[in-house]
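Trainee: can you look at this prediction? I've put the sequence above it.
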Amino acid sequence: MMATVNMVDSRHMTKLSTEPSQGSASVRPRLNIGFILAPRFTLSAFATFVDVLRLAADDGDGSRQIRCNWSVLSPDMAPVQSSCGVRIEPEERLGDPARFDYIVTVGGLIDGGPGLSAEQSAFLQKAAAAKVGLAGLCTGVFAMARLGLMDGYRCCVSWFHHQDFLSEFDRMRPISDQIFVVDRDRLSCSGGVSAAHLAAFLVDRHLGRAAARKSLSILMIDEPMEGDRPQPGLPLELSPRDPLVRRALLTMQQNLQAPLSIARIARDLGVGRRKLERHFNSDLGIPPADASVRIRLAQARMLLEHTDRTVTRIADETGFCDASHLIRVFRESEGTTPDLWRQNQSETGSAPI
């Protein structure tokens, strides 16, 4: 059975609770946000973002929409089902986007169905024309990019969806080594807890740092993070502490099949190659080129252990020149060839899938 969250009822209750009380009726919202929920949207990103607003909007934990106001918008008022099955009932029809400071599009499963409706798409286009701030949570930036709303803007995409984004938008270069990106009147975040930090950024901008810290503290999040904080990425054998090193490693992970030169990685990160090498040597005790090889070898071992792909195909997928190159580097690292290593793993209990 699908659960349904009736936000209309909760909003009416909120309005009732904000009747004149200790002067609250005289306080006008300083931050107004409208939400567009894509089919099969990610509930956690939406709920986390809203909770930061909720906790900043009122004193204590009263949940009254005093300093902040938010509404789920819809062309037809039909409930929207999230990827986990919970349905959210909209509160208002689309109307004029200029009544909001920001319109936030919450994405979900990339192949989750028809995507935004024609009415929702037109509403976002109208909002852009009216210079209303547009934000994409999780894969919400995909919906915005499909409408051309991210053309000429930097955008944040989760490392998990980095290749999906490149496959669909080959002329854009997404940022997948930061938790969120703010580029003029476009905002985007990688999803998960980064939605809380993007919401806290807006609360800080419109209500002040104290309100942002209060919200995150109640949610048991230590402190607001800047947008350039590195995303948690794929599991690594390496354990970097330096944010610059971590971002470089994430870039390497995202380009396994066609490794970038160290000079290119440094340039993309806005530093010189020598500076990047110094940070690697200080943090990990190895140069970035060695770290790149270790990352690609780790991926090769995973593919050898859990798939039946040939060594030639694995070499191609992990950025080695050919099978001979992979075999040579693998033998130097493991003391055996990839085929013998796979055979040993199989004999000890692991089997390809």
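Mentor: Received it, and whenever you're ready, just let me know what you need.
Trainee: low-confidence stretches in this structure?
Mentor: Counting by pLDDT under 70, the chain shows low-confidence ranges at 1-27, 112-113, 230-237, 349-353.
Trainee: strands of that one, residue ranges please.
Mentor: 4-5, 31-37, 68-74, 80-81, 87-88, 92-93, 102-106, 133-137, 180-183, 186-189 (DSSP state E).
Trainee: for Asp228, find the nearest of the ones you listed.
Mentor: strand 180-183 (8.5 Å; C-beta to C-beta). From N, CA and C alone the C-beta is placed, and that goes for glycine too.
Trainee: next, format the strands of the chain as a markdown table and append distance to Phe165 and mean neighbour count.
Mentor: What follows is the strands of the chain, written out as a markdown table (distance: least, C-beta to C-beta, whole Å; neighbours: other C-beta atoms under 10 Å):
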| stretch | distance to Phe165 | mean neighbour count |
| --- | --- | --- |
| strand 4-5 | 29 | 14 |
| strand 31-37 | 19 | 24 |
| strand 68-74 | 25 | 22 |
| strand 80-81 | 23 | 20 |
| strand 87-88 | 25 | 19 |
| strand 92-93 | 31 | 14 |
| strand 102-106 | 15 | 26 |
| strand 133-137 | 11 | 27 |
| strand 180-183 | 13 | 21 |
| strand 186-189 | 11 | 28 |
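Trainee: and Pro90, how far is that from Arg328?
Mentor: 60 Å (C-beta to C-beta, to the nearest Å).
Trainee: picking that back up, how about TSV for the strands of the chain, with distance to Ser333 added?
Mentor: Putting these into TSV (distance: least, C-beta to C-beta, whole Å) gives the following:
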stretch	distance to Ser333
strand 4-5	51
strand 31-37	48
strand 68-74	52
strand 80-81	48
strand 87-88	50
strand 92-93	59
strand 102-106	43
strand 133-137	40
strand 180-183	36
strand 186-189	37
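Trainee: nearest to Pro224, of these?
Mentor: Checked against C-beta to C-beta, the stretch from the strands of the chain lying closest is strand 180-183, at 11.1 Å.
Trainee: so how far is the closest one from its chain's centroid?
Mentor: Distance of strand 180-183 from its chain centroid, counting by C-alpha atoms, centre = their mean, to the nearest Å, is 11 Å.
Trainee: domains of this structure?
Mentor: Under the assignment automatic domain parsing, the domains of the chain span 4-218, 234-353.
Trainee: picking up where we left off before, more neighbours: which of Pro90 and Arg328?
Mentor: Pro90 (21 against 13; other C-beta atoms under 10 Å).
Trainee: quick one, what contacts the more buried one?
Mentor: 7-8, 37, 72-74, 77-80 (C-beta atoms under 8 Å, 6 or more residues apart in numbering).
Trainee: quick check: closest non-adjacent residue to it.
Mentor: Ranked by C-beta to C-beta, 6 or more residues apart in numbering and with sequence neighbours excluded, the top spatial neighbour of Pro90 is Ser74, at 3.4 Å.
Trainee: who does that neighbour form a beta bridge with?
Mentor: On the basis of DSSP bridges, Ser74 is bridged to Arg93.
Trainee: correct me, but it touches Ile88?
Mentor: No. Counting by C-beta atoms under 8 Å, Ser74 does not reach Ile88; the two are 9.5 Å apart.
Trainee: so what's in contact with these two at the same time?
Mentor: Joint contacts of Ser74 and Ile88 (C-beta under 8 Å, 6+ apart) are Val80.
Trainee: burial of Thr337, as a residue count?
Mentor: 15.
Trainee: show me where the stretch 151-300 of the chain has its helices.
Mentor: 162-168, 194-207, 209-218, 243-253, 262-268, 273-283, 288-306 (DSSP state H, counting those that start in this stretch).
Trainee: so which of those is nearest Ala135?
Mentor: Comparison of the helices of the stretch 151-300 of the chain against Ala135 by C-beta to C-beta identifies helix 194-207 as nearest, at 7.0 Å.
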